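Visitor: just need the structure, nothing else, for what follows:
(chains A and B)
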Amino acid sequence: MPPPPSVPPAERLLNLVIALVNTSAAMTKQQVRTGVAGYADAPSTEAFERMFERDKDTLRSLGIPIVTVDAGGHSDEVGYRIDNDAYALPPVDLTPAELGVVALAAQLWSDKTLRTDISRAMTKLRAAGAGEAAADAVAGITPRVRAAGDAYGPLLEAISARRVVAFRYRAANTGQEMARHVEPWRIAARGGGWYLVGFDRDRQAPRVFRLSRITGRVRVTGHGGAFEIPDVDVDAMLGERVGVERTAVLAVVPERAQAVRARAKVVDTSAHDPRRDGRDVLEVPFRSRSAFADELAAYADAVVVVGPEDLRREVLHRLRAAAALATEPVETPGAAGEVHRG
Amino acid sequence: MAERADDRLVRLLGLVAYLDGAGPVRLDELARRFGVSPRQVREDVDALWVSGTPGYMPDDLIDFDAFSLDEGVVHLTRARGMTRPLRLGTREAVALVAALRAMHASPPVQAAPERAAVVGSALAKLTAATGDAASAVDVRLAGDGDPEVLAAVSAALADGRRLRIRYVNAADVASERDVDPVRLLTQDERTYLVAWCHRAGGRRTFRADRLLAARVLDEPAEAHDVDPDVDITASVLAEGGPGAPVATLVLASPARWVAEEVPAESVRDLPDGSFEVRLRVTNPAWLRRLLLSNAPDVRAVAPPEVAADAAAAARAALAAYADEAPRGDAPGA
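Guide: Residues are numbered from 1 along each chain as shown, chains lettered A, B, ... in the order given. Down below sits the predicted model:
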């Protein structure tokens, strides 16, 4: 039975895959055009070329290994076939409980692109004969990561191909927007934010970029294999785990700052030191000084930082600025008209 | 919206490879396995039936047993060499392995050893099958919380039991409650317990790092008609509600995270790099804490009562510091 005159794209792709898997040596473009169902629809050679190039890209992005070989014998024509050794998924053999974990992991992403990627992966795993998923092992657990946004796709493509990316970026400290050229190493998510870790060609140094501050499109430029990706300590570069754990000493009003109390190693409620004004003394471990100062300043008079001195200074800096909010209101031009008093 | 051609192709190839190994399979079972409607599977079978190698003579085509299909059973009789499941592409491997790694390191999984073991073994098998391309994406779900508390919550969820928790809210007030846990949700940097609260008589969301204690009770958890799928950001917004007062803050650029992480009604960039954010808040304590934490970057606040409230709290704190010795016997400082 010959295929119908107009073949839907999915079926054209399917016929191309079957043809390239079964070909004895390789198929030339001309053989694809005249032989594979769907390509005869192309009205011109140019239209066929575009269609074939796009289809090859689609198949490669799905993990289908199309290789080019000398068509052999005559002329310098290139032939195409699918590398059958690289085609197949190695046996994965997931238990029902493990498959339940994988199904749960599929819910982690909020991005449409990542969800598409992972649901295709699930289809392939199901095709490999994985059994029924059992969710008992992870009952009641829901992990979720905020959407990475449009930059994710081109950045991942650039990392995989070792190509340079260019984008406009709004710097956090100045608010200025600048063009950046980066050798991308890793895409990372921490604490609700997505980051690009890479080598900034303009600054000639490793840098971290927050994806939400990329304005406009990420362009993938230059040729593949343009750089090597070094071993990077993503956490160190993101500055999260920089420095050692230290201990803060806090004087806390009884019953207050309970979330901080829950993390305290030592709680001395017996220190009836008059200077402490009846406060409990807590010893609480911390790493990031500024994050801890943010948290402690929010407790206002319920928490007084006794030490270390640099933490105390950071909290006082915030409190002095807050005390000034009411006495010296600063009006920013352009904002006044927008203030809504409803 | 019509299905994308590449998504359909993956399923078409998957159906052939699966049926080649599985033998005859009921059509509705295939539909369930591949997460599509039985009608879609039927259309897929029709598409496969006319596909094959160039020439497209009967022997070149993928073939099914027509009689079985009339009975609702899909029986592949010729696979045309498409018998092996397709490997994962780079993007698919990245999405899968990064998700599993993030899950594996998350506190709710780490709190229960048997759970961590299952996630770990799934991760190991998939990493072995996909190679190391997946390291391009590195996701960590921090989500703090006392491991003992999380372990108790996990156990209650697994066994369907009620919990007695001690919880401190954003206003720093602690309370004891009996709750029927619904789920433990790790979203970005935080872990939340979604539960039916018997004290409040409704669904409540508790931040795990504010759970001071949790004990599994003997009573079974009751089934409640609650939506377990919570969007935390949306629920914070809903707390405000459309009638809640609006506060407008102008913040310097270093506080840009506020615009990114706090549910804002609107955000407007200003020419000097600062930005204006409008928030609807019913909870004045929450806004006061936000202002105290970020005061050095706050350029303007409206209405003025909001600024006055934060400033008064700050002056009380500065007075407490004045009473306090400036330097203590801080160990490890």
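
Visitor: what helix or strand is the residue in chain A that chain B sits nearest to on?
Guide: Residue of chain A nearest chain B, by CB to the nearest CB: A:Gly175 (1.9 Å). All C-beta spots, glycine's among them, are computed from the backbone N, C-alpha and C. For A:Gly175, there is no enclosing helix or strand under DSSP states H and E.

Visitor: mind listing what's buried along whichever helix or strand B:Glu43 is part of?
Guide: Using DSSP H and E, B:Glu43 maps to helix B:38-49. Buried residues in helix B:38-49, counting neighbours by 16 or more other CB atoms under 10 Å in any protein chain shown, are found at B:40-42, B:44-45, B:47-48.

Visitor: check which helices and strands that helix sits against.
Guide: Packing partners of helix B:38-49 (3 or more CB pairs under 8 Å, 6 or more residues apart in numbering or on different chains; DSSP states H and E): helix A:9-22, helix B:5-22, helix B:27-33, strand B:63-64.

Visitor: most neighbours per residue, which of these?
Guide: Of these, the one with the most neighbours on average (mean count of other CB atoms under 10 Å in any protein chain shown) is helix A:9-22, at a mean of 24.

Visitor: starting at the chain centroid, how far to that one?
Guide: Relative to its chain's centre, helix A:9-22 lies at 32 Å (CA atoms, centre = their mean, to the nearest Å).

Visitor: can you list the weak-confidence ranges in the stretch 101-250 of chain B?
Guide: Within the stretch 101-250 of chain B, the stretches with pLDDT under 70 are B:132-134, B:142-144, B:188-189, B:227-244.

Visitor: ranges for the helices of it?
Guide: B:107-110, B:113-130, B:147-159, B:232-240 (DSSP state H, counting those that start in this stretch).

Visitor: same thing with the stretch 101-250 of chain A?
Guide: Under DSSP H, counting those that start in this stretch, the stretch 101-250 of chain A gives helices at A:112-127, A:152-161, A:234-238.

Visitor: got the buried residues for the strand ranked longest in chain A?
Guide: For chain A, the longest strand by residue count, based on DSSP state E, is strand A:177-190. Of all the residues in strand A:177-190, those buried under the rule 16+ other CB under 10 Å are A:180-190.

Visitor: quick check: domain ranges of the chain?
Guide: Just so you know, I chose chain A. A:9-87, A:96-138, A:159-238, A:246-325 (automatic domain parsing).

Visitor: try chain B instead
Guide: Split by automatic domain parsing, chain B gives B:5-78, B:90-136, B:147-230, B:236-322.

Visitor: what's the longest helix in the chain?
Guide: Went with chain A since none was named. Assignment by DSSP state H gives helix A:309-327 as the longest helix of chain A.

Visitor: nope, chain B please
Guide: Taking DSSP H as the criterion, chain B has its longest helix at helix B:304-323.

Visitor: pull out the buried positions in that helix.
Guide: Buried residues in helix B:304-323, counted by 16+ other CB under 10 Å: B:306-307, B:309-315, B:317-318, B:320-321.

Visitor: who touches B:Ser135 in this structure?
Guide: B:Ser135 makes contact with A:Arg186, according to CB atoms under 8 Å, 6 or more residues apart in numbering or on different chains.
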